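>>> I'd like to go over a predicted model; first the sequence, then the structure.
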Amino acid sequence: MKNKKQIGSKNQKKTLQAAVTCGLALSLVLAGCSNGGSGNAPNAQPPATNNSVNNTAGNSEDEELAPESGAKLVVWEAKEQLEYMQALAADFEAEYGVPVTIEELAGGEQGGRLATDGPSKLAADVLTLPHDQIGQAVTAGLLLPNDVFEEETRESMVEAAVMASSYDGVLYGYPKSVETYGMFYNKDLMPEAPQSWDEVIAFAKDFNDPGHNKYTIMWEFVGYYTYPFIGSYGGYIFGDNNTNPADIGLNKEGTVEGFTFLRSLREILPMNAGDVTYDVKTQLFQEGKLALNIDGPWSVAAFKDKVNFGVAPLPRTADGQPSQSFSGIKSYYVNSYSAYPIAARLFANFASNKENQLKNFEMTGAIPTNIEAGEAPAIQEDPITSGFFEQFTNSTPMPSISQINSVWEPLKAAFISVWDDANVEVQQLLDQTVKTIQADIDSK
């Protein structure tokens, strides 16, 4: 039985002791610098002694990172991942000699439970969070940075996943799976997916028949699905990779260009924005009356055994640039109150490696964040997953700062207005949208 693991790089070896010892300190510094340290989490401080290395590593080439003596871990995982995680726990114990207990807890509840149970030492050592929840956890001092395996993570994961698992420039997560949307296409209507909007427009000239409810393409007119008309044209919501709410970019040149192009597509989708709903487009796609449906992996089950379909990346822009979708990333995180921070780091890194991401895909269908896993035959030869993964490589993680909640409704209203009203001037509309967003941010 193995109970040690060779550290991946010389740089990791040289920084191991400092990284593990200082990881907590960094979290607490961030907490003190954000909102005056206020928040919903208790003010108790995790003891630094629980996070020290105790001379586990030095500086020699043959250093090994070993779990703490007597280490045992608790991991939270959602119901749909339990079977996979139990198999993973057994593999980890065989590799490191550390027993792992898996406790079922829904993904949406783990962040809240960490805030209440972390300081009282009742929370899991390792948990999963969607990326838009890490900001609050970091500022409350609840997470340890991914410091020991930072270099390995940055090199092996898709850039969007690394960005989404970071806060204020510091990497905390060990990315495990992704979600984004792509373009479902009916192979009986279009044997090959269109590569560009020009191809979509050309197809629509012969296919569209509104009198018989036949349309070429549909998407929902909300910020999540219509973001490609912002990000694909150089626009942005917040500056500094969606971390700076003082810089709202929705009325800048790129967004104006994207909205102007969006309006031009009314010709191939002659419906009011409010009439394009999830139910409408799902039914039309099932009936073979909609050739292209922009949607996510959560809708695959609705079309299996009903439609001969594939999934491809979104159409490229007129100048050949990939379209940028919004994405969500789930990552493993290490509880800063863990009594076994080294073992917990080892588990989070082990669980997110290439082999285990592929096992997760095989058992649950989870789309990997690991670059090599995404290039593996199991993914590339899957006509559905490969399309989503390719789109993910050209995605932008949804903003994780709280100010994004001031954006969704004004942005949706702007999309609907520019689509439904041909007389609206795009620049003036977006200027007003930004004023509305800014006023709501300032009021909170």
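All right, it came through fine.

>>> and after the longest strand along the chain, which helix or strand comes next?
Counting residues, the longest strand in the chain under DSSP state E turns out to be strand 325-335. Later in the chain than strand 325-335, the nearest helix or strand by DSSP states H and E is helix 341-351.

>>> what are the C-alpha coordinates of the longest strand of the chain, in PDB please?
The C-alpha trace of strand 325-335 is given here as PDB (Å, rounded to 0.1, in the frame of the first residue of the first chain):
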ATOM      1  CA  SER A 325     -20.700  31.500 -24.300                       C
ATOM      2  CA  PHE A 326     -21.100  31.800 -20.600                       C
ATOM      3  CA  SER A 327     -20.000  28.800 -18.500                       C
ATOM      4  CA  GLY A 328     -20.200  27.500 -15.000                       C
ATOM      5  CA  ILE A 329     -17.400  25.500 -13.400                       C
ATOM      6  CA  LYS A 330     -17.600  23.100 -10.400                       C
ATOM      7  CA  SER A 331     -14.400  22.600  -8.500                       C
ATOM      8  CA  TYR A 332     -13.300  20.800  -5.300                       C
ATOM      9  CA  TYR A 333     -12.200  23.100  -2.500                       C
ATOM     10  CA  VAL A 334     -10.400  22.400   0.800                       C
ATOM     11  CA  ASN A 335     -12.000  23.600   4.000                       C
END
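
>>> Paired strands for it, with orientation please.
In the sheet, strand 325-335 lines up against strand 126-130 (antiparallel), strand 143-144 (antiparallel), strand 174-180 (antiparallel), strand 395-397 (parallel) (DSSP bridges).

>>> so who does the closest residue to residue 100 other than its chain neighbours touch?
Leaving out its chain neighbours, the residue that sits closest to residue 100 by C-beta to C-beta, 6 or more residues apart in numbering is residue 89, at 3.8 Å. Placement of C-beta: from N, CA and C, glycine included. Residues counted as contacts of residue 89 (C-beta atoms under 8 Å, 6 or more residues apart in numbering) are 75, 100, 101, 102.

>>> I'd like to know which of the strands paired with strand 325-335 is closest to residue 260.
Closest approach to residue 260 among the strands paired with strand 325-335 (C-beta to C-beta): strand 395-397, 20.3 Å.

>>> who touches that closest one?
By C-beta under 8 Å, 6+ apart, the residues outside strand 395-397 that reach it are 131, 160-161, 163-164, 178, 180, 227, 231, 242, 324-329.

>>> Looking at those, which is nearest residue 384?
residue 180 (13.0 Å).

>>> Give me the number of neighbouring residues for that closest one.
Counted with other C-beta atoms under 10 Å, the neighbours of residue 180 add up to 28.

>>> if I read this right, it contacts residue 294, doesn't it?
No - using C-beta atoms under 8 Å, residue 180 is not in contact with residue 294, being 10.8 Å away.

>>> The stretch 1-150 of the chain: strands as residue ranges?
Along the stretch 1-150 of the chain, counting by DSSP state E, counting those that start in this stretch, strands occupy 5-6, 64-65, 73-77, 100-104, 126-130, 143-144.

>>> List the buried residues in whichever helix or strand comes after the last one.
Right, the one you point to is strand 143-144. Counting by DSSP H and E, the element after strand 143-144 in chain order, helix or strand, is helix 150-156. Buried residues in helix 150-156, counted by 16 or more other C-beta atoms under 10 Å: 150, 151, 152, 153, 156.

>>> which one of those sits closest to residue 352?
residue 153 (7.7 Å).

>>> State the pLDDT value of that closest one.
pLDDT, residue 153: 98.

>>> Also residue 348?
pLDDT, read off for residue 348, is 98.

>>> Return the distance of stretch 262-270 from the chain's centre.
Its chain's C-alpha centre and that of stretch 262-270 lie 29 Å apart, by C-alpha atoms, centre = their mean, to the nearest Å.

>>> Please apply the same query to stretch 195-203.
Taking mean C-alpha positions (C-alpha atoms, centre = their mean), stretch 195-203 and its chain are 28 Å apart.

>>> can you list the contacts of residue 89 in JSON lines and add distance to residue 238?
Shown next, in JSON lines, are these (distance: C-beta to C-beta, whole Å):
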{"residue": "75", "distance to residue 238": "33"}
{"residue": "100", "distance to residue 238": "38"}
{"residue": "101", "distance to residue 238": "40"}
{"residue": "102", "distance to residue 238": "37"}
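
>>> Out of those, which is nearest to residue 260?
Compare each of the contacts of residue 89 with residue 260 using C-beta to C-beta and the shortest gap goes to residue 75, at 48.8 Å.

>>> who does that closest one bridge with?
Going by DSSP bridges, residue 75 forms beta bridges with residue 102, residue 126.

>>> If anything else comes up later, I'll come back, but that's it for now.
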